[in-house]
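1. pasting the sequence and the predicted coordinates here, then a few questions.
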Amino acid sequence: MPSGYPNLLRAKDITQKECSFSHPWNPASEITYTHISREAGLTRSGVSLMRVPPGKESMAYHLHHLEEEWIYILSGRALALIDGGEYEMGPGDFVGFPTPSVAHNLANPFGEELVYLSGGEHHEHEIADFPELGKRMVRIGEEMTIYDLADGQAMFDDD
């Protein structure tokens, strides 16, 4: 019998590949994740299993110019901060961010761990803004450059 299909991930494989991250621009950010799509050999789309403990947030409030993103809640509850509004989400709820997206982030002000799938596109280039911080991140391949949003705004405006 063959040892197994190399792109099939078992639950134990996913758990063993977990990493932790705290966004450097958000002191409330604390997330444990596994890039399950990458571990399964996918290169053009991303899917991650994410966990946010009570009282923490996923990332920093941000928006994407080129890559679509989505979130599907598996367990726990989240407060989705979207384009200046707050929306409570629970198991089975889904939200998409078509590009250019509005600013968004997830917070977990509740008493239980938040577990969700997050995914989207993975292009060679991406531009993400952090409007509350006045920053823009430009990624080309694996290299990232950070700009003050005011310095580069005109280059990317639709006006």
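-> Yes, it's here.
2. distance between stretch 65-80 and the chain's centre?
-> Here stretch 65-80 shows a centroid-to-chain-centroid distance of 7 Å under the convention C-alpha atoms, centre = their mean, to the nearest Å.
3. for it, which positions count as buried?
-> For stretch 65-80, the neighbour count (16 or more other C-beta atoms under 10 Å) marks 67-69, 71-73, 76-80 as buried. C-beta coordinates here come from the backbone N, C-alpha and C atoms, glycine included.
4. just put these in JSON lines and tack on secondary structure and pLDDT.
-> Listed next are these as JSON lines, based on DSSP: H, G, I helix; E, B strand; the rest coil; pLDDT from 0 to 100:
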{"residue": "67", "secondary structure": "coil", "pLDDT": "94"}
{"residue": "68", "secondary structure": "coil", "pLDDT": "96"}
{"residue": "69", "secondary structure": "strand", "pLDDT": "96"}
{"residue": "71", "secondary structure": "strand", "pLDDT": "98"}
{"residue": "72", "secondary structure": "strand", "pLDDT": "98"}
{"residue": "73", "secondary structure": "strand", "pLDDT": "98"}
{"residue": "76", "secondary structure": "coil", "pLDDT": "98"}
{"residue": "77", "secondary structure": "coil", "pLDDT": "98"}
{"residue": "78", "secondary structure": "strand", "pLDDT": "98"}
{"residue": "79", "secondary structure": "strand", "pLDDT": "98"}
{"residue": "80", "secondary structure": "strand", "pLDDT": "98"}
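5. least trustworthy helix or strand in the protein by mean pLDDT?
-> Sorting the helices and strands of the chain by mean pLDDT, DSSP states H and E puts helix 149-156 at the bottom, at a mean of 60.
6. name the residue closest to the centre of this protein, please.
-> Of all residues in the chain, the one closest to the mean position by C-alpha atoms, centre = their mean is residue 118, 6.0 Å from it.
7. state the three-state secondary structure for that residue.
-> State at residue 118, reduced to three classes by DSSP: H, G, I helix; E, B strand; the rest coil: strand.
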